[in-house]
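**Student:** my questions are about this predicted structure, shown below with the sequence.
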Amino acid sequence: MTDRMFEDKQHASLYQKYRFDPPDEVKELILQYLDKKKGKPHQLAVDLGCGTGQNSRSLTPYFQQVVGIDVSKSQVEEARAVMGFPNLSYRVGIAEELPFPDGSVDLLTAASAAHWFDTERFLKEAVRVLKPRGCLAFFGYGGNEKMHHESCGDRLNNIYEEVMQILLPYTSMSVAGAISKLKDLFEAIPFPDKERIEIIPVKLQLSIENVIGLIQTFSMYQAFLRADPNAATALLEKTTSRILDEMKVSSTEAKVDFTMEYYCVLACKPE
């Protein structure tokens with residue numbers, strides 16, 4: 001986690017408001033893998049690059065203890081503000097230096113975060129802290145989102161794609177790891193027992209406000225905002241107006257069908 005892209009307090013607030021909980025399809029895949037490879041009980045899960053805690057909170061019913069770790073103090077503060085999870089704690093820290101004893105962690109996971117890690121240093125640390133038969137589970141999405149509303153799906157997708165093209169020059173090199181669905185990280189994992197699922201389709205219904213909010217959370221949009229605040233703000237305003245016009249609605253609370261392609265990397269440490 002040597003890249004520090006999400007530390008602004010306003011960005012952290014956007015994450016808490018607009019980023020998604022892990023979809024059931026992905027969560028069940030991970031839990032079934034852990035059950036199969038290691039078996040119960042599940043004592044400790046560590047959510048790396050936890051952001052504002054969406055993935056961390058989703059793990060609490062299945063583990064005796066969950067720890068979320070993020071390099072951003074602002075993100076961790078937002079996560080801690082969500083109460084009601086007594087077996088969940090958060091720490092400011094990095095994936096490459098984990099505050100756990102050797103062989104103590106059942107699951108190391110990361111949601112839309114593993115592409116930021118220093119792969120060599122992180123994997124060395126993962127080998128150290130995982131229990132025998134402990135598992136890695138990394139997932140994310142990106143690159144092929146689709147919007148649909150009645151008869152204007154293609155036009156909505158064109159609008160979304162135009163935004164992505166404008167943001168392309170502001171894309172960090174690390175984001176290429178997410179676009180490739182963690183191919184390089186997968187190949188570097190030193191465990192023979194591993195698999196990579198490239199397409200897990202997930203269908204959502206989002207408000208127009210949520211679609212625009214999601215765009216605001218992207219690291220490339222935040223880079224554009226820092227470089228040219230007026231142009232970045234104008235892009236969101238224009239995009240909102242175009243979507244409203246295409247859907248023939250007046251409120252950003254109107255819903256649109258939003259399809260995403262998640263990916264998942266799973267691996268199990270040998271005995």
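**Tutor:** The structure has been received and is ready for your questions.

**Student:** now the helices for the stretch 51-200 of the chain?
**Tutor:** 54-59, 73-80, 119-129, 153-167, 175-179, 183-188 (DSSP state H, counting those that start in this stretch).

**Student:** tabulate these in TSV, adding columns for mean neighbour count and distance to E246.
**Tutor:** For glycine as for every other residue, the C-beta is placed from the backbone atoms N, C-alpha and C. Listed next are the helices of the stretch 51-200 of the chain as TSV, based on neighbours: other Cβ atoms under 10 Å; distance: least, Cβ to Cβ, whole Å:
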stretch	mean neighbour count	distance to E246
helix 54-59	24	29
helix 73-80	20	33
helix 119-129	18	41
helix 153-167	16	5
helix 175-179	17	27
helix 183-188	15	35
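
**Student:** out of those, which gets nearest to Q216?
**Tutor:** The closest of the helices of the stretch 51-200 of the chain to Q216 is helix 153-167. By Cβ to Cβ, the value is 11.0 Å.

**Student:** off-centre distance for that closest one?
**Tutor:** 21 Å (Cα atoms, centre = their mean, to the nearest Å).

**Student:** and what of stretch 50-62?
**Tutor:** That offset, for stretch 50-62, works out to 11 Å (Cα atoms, centre = their mean).

**Student:** what mean pLDDT does that stretch have?
**Tutor:** Stretch 50-62 shows a mean pLDDT of 94.

**Student:** and the pLDDT at A178?
**Tutor:** At A178, the pLDDT value in this model is 63.

**Student:** typo on my end, G153
**Tutor:** G153 carries a pLDDT score of 74 in this model.

**Student:** A234 falls within a helix, correct?
**Tutor:** Yes - looking at A234 with DSSP: H, G, I helix; E, B strand; the rest coil, it is inside a helix.

**Student:** how far away is it from E198?
**Tutor:** Distance, A234 to E198, using Cβ to Cβ, to the nearest Å: 36 Å.

**Student:** give me the number of neighbouring residues for the closest residue to E253 other than its chain neighbours.
**Tutor:** Nearest residue to E253, sequence neighbours excluded (Cβ to Cβ, 6 or more residues apart in numbering): S207, at 5.1 Å. For S207, the number of neighbouring residues by other Cβ atoms under 10 Å comes to 15.

**Student:** is S207 bridged to anything, and to what?
**Tutor:** S207 has these beta-bridge partners by DSSP bridges: K255.

**Student:** next one: it from S104, what distance?
**Tutor:** On the measure of Cβ to Cβ, S207 and S104 end up 42 Å apart.

**Student:** and S58, what does it touch?
**Tutor:** Counting by Cβ atoms under 8 Å, 6 or more residues apart in numbering, S58 makes contact with D21, P22, K27.

**Student:** so the residue nearest to E253 makes contact with F258?
**Tutor:** No - using Cβ atoms under 8 Å as the test, S207 is too far from F258 to be in contact (9.8 Å).

**Student:** contacts only, for the closest residue to E120 other than its chain neighbours.
**Tutor:** Leaving aside its chain neighbours, E120 sits nearest to A188 (7.4 Å; criterion: Cβ to Cβ, 6+ apart). If you count contacts by Cβ under 8 Å, 6+ apart, A188 has them with T119, E120, L123.
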